[in-house]
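J.: any chance you could fold what I've pasted below:
(chains A and B, ligands or ions: 1)
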Amino acid sequence: MRKTGIHFFASRSRADSCRMEAPQGPRVGLYVTCLVDLFRPAIGWAAVKLLEDAGCTVEVPRQTCCGQPAYNSGDRALAKELARPVIEAFAPYDYVVVPSGSCAGMLAKHYPALLADDPDFATEARAFAAKVYELSDFLVTVLNVASIDAEFPRRVTYHDACSGLRELGIAAQPRKLLGSVRGLDLVEMQDSTRCCGFGGTFAVKYGEVSSAIVEEKAEAAEASGAPVLLAGDLGCLMNIAGRLARRGSAIEVRHFAEVLAGMTDMPAICAGKK
Amino acid sequence: MSAPQSHLHFAEKAHRALADAHLQKALHVSRNGFIGKRAKAVARLQEFEALRDAARDIKAHTLAHLDLYLEAYEAKVLASGGTVHYACTAEGANAIVLDICRRHGAKSVAKGKSMIGEEMGVNAALEAAGITPVETDLGEYIIQLRHEMPSHIIAPAVHLTRDQIAADFYRVHKGLPEARDLSDPAALLAEARKILREKFLAADIGITGANFLVAETGTSIIVTNEGNGDLSQSLPKVHIVLASIEKLVPTLEDAGTLLRVLARSGTGQDMTVYTTLSTGPRRPDDPEGPQEYHVVLLDNGRTKMLGSDFAEMLRCIRCGACLNHCPVYQSVGGHAYGSVYPGPMGSVLTPGLFGLAHSADLPNASTLCGACESVCPVRIPLPKLLRQWRERAFAHYLGPQSQRLGLAFWGFFARHPQIYGPASRIAMRTLALSGRHGRFRSLPFAKGWTGQRDFPAPEGETFQAQFAARKKP
Ligand code: SF4
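T.: Residues are numbered from 1 along each chain as shown, chains lettered A, B, ... in the order given. I've put the predicted structure just below:
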């Protein structure tokens, strides 16, 4: 019961083989991330739509936070406590898909390290990690989605959020999908791979330094001439949007999934209702 | 720990650094140079990534067998007529240096650039003993004039603008006519050279650092761009090499591999201008060279690091790439870190060498963006090591109590989904009501954020609540 709207490459994709076994397509547990859950559910819905359009069955098991704030603050015990229930909750799914490179990196790269010395969870953590994908990576790499049936006739620029880029190699995947959107003109800003200064709790602990770093991102975004900035991590997006708004910039800041899913009617991040 | 340490915390020093217009200008100029040149140098060399693997492996192998390589190295230095001194601490190393200086009745010492010298605080020790240390590296010379710490491990005066340096020269160099144009770097170098050459010739002892110590031959290797290292070590009667134990490499060929990644990573040069090898004192048929050759090998906490979770840090070859690519370093410069070793490598090394209690804020002063690791020629997992220090700091209750409480408060909710769900729904709805313009200009509990940024308002209902509602028939 695949809906139209997403076009696949050749027939030997993993998704197709999965679908032969299970007519519902791969069963995906959506790890929505705490920031999306709390601040911008639209990104969660965009992910649901993209995954369902690609033939997946999407479920959202109960979740709070992946534990990254604790992990990066040095509270390993708390991070472990938060990691274990995530692994258990997502055990039934073929894949865990995350609309954030940073949280996907936590699940896929850091959980196995975090739980390596936990006799009850070391093996589970590794098996779990192997089925975790960032959203664009999952669509392109696993489902072999080659193009998206969406339209967004605007010039956009894309910020490479750090964890996704350096831990998971997310760079070509979102660009490929965005490149297939009708009318969309992707222009690269200067230093698109430079950190936006968010860094989780760093943004509050060292607010001034964080602001100085995001100032340069805001300048680069403005210099690109694109009226829309996209990225794949809500933390970074909130930071960049927050600085752009304070500067009085008119640049719209959104998660790339909103554009891919055609959900750009709602106000951009930091923008009031129209 | 005799290395200069500032009493201010990172946040306060960063605040001053951000407000310093000269510093901001200097940082911008240097950053673009370093990053662009490295990228070009790396692009020119197809096998660069493979070389990084090889460089990592050489250092890892040496560290795993460091005792053997130290013994082999020492034997070779002895055989070539030199002496190796072991120092557990900076104080011990300074005492060895002073002892050599006293035996030779030294009044002045010509110094090549040495981060180990900085770590030891050897200049202060020499001055206290009435001996004048003369820095022969232009950058070191400039910060010596200003009584400052280096702000970068390969470019000590990178925090200064050309105008500031010229002003220092006019102030200190007696007889320098005001009409002399010092507006370009070559003129600055020429002026410094003129002063320094006289001092080279007068120095009784030459002190240099070492980029590598070669076990196979007992050779110490330094790289410079000014040639000052050659002069510091070959003109005076006595040459003292200051090095830490992890500078060892097994063979000259290994040193060659590391040299190929060192300059490319740091300055973006294929090779530094001068690569100087020295093995023992002058031999009978040598036309020049020192009569005595000493190597002071400093431990200063490294053996302890070697047996710890931080051993990987000892692979560092001090190229400076992690500083150059770090967004935090780029914004605030090296002095904000308050340690002779700034930036990502410094934030890992400083707690290891000088104690975490004095530096617990440094490992936190990073966004963990990973740019450092992505350029490190010996592939040190700097973000992982920074996080490990955060874990130690947390375990020892270092760092602000308020952050700890905040984490515990949040952790309580995150650990209890049955409370988290309803509580987060109420919180987000409330927040959404007061943030109807899509954002907040200030939030009492997030001043660090809202000082210079707006904070986005939530949509209202949580995603999980919305999704649950959709599923109900
Ligand atoms: S940690 Fe790596 S990048 Fe940083 S100075 Fe050392 S070798 Fe260079």
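
J.: count the neighbours of residue A:83 for me.
T.: Using other CB atoms under 10 Å in any protein chain shown, residue A:83 has 26 neighbouring residues. Just so you know, the C-beta spots here come from the backbone N, C-alpha and C atoms, and that holds for glycine as well.

J.: and if you look at the one 3 residues further on?
T.: Using other CB under 10 Å as the criterion, residue A:86 is surrounded by 25 other residues.

J.: how about residue A:192?
T.: Residues contacting residue A:192 under the criterion other CB under 10 Å number 17.

J.: strands along the chain, start to end?
T.: I'll assume chain A. A:6-8, A:27-30, A:57-59, A:95-98, A:132-134, A:145-148, A:155-158, A:185-186, A:228-231, A:252-255 (DSSP state E).

J.: that was the other one, I meant chain B.
T.: According to DSSP E, chain B carries its strands in the segments B:83-87, B:108-111, B:132-135, B:205-208, B:212-214, B:219-224, B:238-244, B:248-249, B:274-278, B:292-298, B:439-440, B:455-456.

J.: pull out the buried residues from the third one.
T.: Of the residues in strand B:132-135, those buried by neighbour count under the rule 16 or more other CB atoms under 10 Å in any protein chain shown are B:133-135.

J.: that strand pairs with which strands, parallel or anti?
T.: strand B:108-111 (parallel) (DSSP bridges).

J.: for the record, mean pLDDT for the partner strand?
T.: Regarding strand B:108-111, the rounded mean pLDDT is 92.

J.: return the residues in contact with residue 141.
T.: The chain I'm using is chain A. A:133, A:173 (CB atoms under 8 Å, 6 or more residues apart in numbering or on different chains).

J.: nope, chain B please
T.: If a contact means CB under 8 Å, 6+ apart, then residue B:141 has B:134-135, B:192, B:196 as its contacts.

J.: out of these, who's nearest chain A?
T.: residue B:135 (30.6 Å; CB to the nearest CB).

J.: in this structure the closest one contacts residue B:147, no?
T.: No: with contact defined as CB atoms under 8 Å, residue B:135 does not reach residue B:147; the gap is 11.9 Å.

J.: for stretch A:171-191, C-alpha coordinates in CSV please.
T.: C-alpha atoms of stretch A:171-191 as CSV (Å, rounded to 0.1, in the frame of the first residue of the first chain):
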residue,chain,number,x,y,z
ALA,A,171,26.0,15.5,3.7
ALA,A,172,25.0,14.2,0.3
GLN,A,173,21.7,12.6,1.4
PRO,A,174,19.7,15.7,2.3
ARG,A,175,21.2,17.6,-0.6
LYS,A,176,20.1,14.8,-3.0
LEU,A,177,16.6,14.8,-1.7
LEU,A,178,16.3,18.6,-1.7
GLY,A,179,17.8,18.6,-5.2
SER,A,180,14.8,16.6,-6.4
VAL,A,181,12.2,19.1,-5.1
ARG,A,182,10.6,21.0,-8.0
GLY,A,183,11.7,24.6,-8.1
LEU,A,184,14.1,24.4,-5.2
ASP,A,185,17.4,26.1,-5.8
LEU,A,186,20.1,25.0,-3.4
VAL,A,187,22.9,27.5,-2.9
GLU,A,188,25.8,26.7,-0.6
MET,A,189,26.7,29.3,2.0
GLN,A,190,30.3,29.9,3.1
ASP,A,191,31.6,27.3,5.6
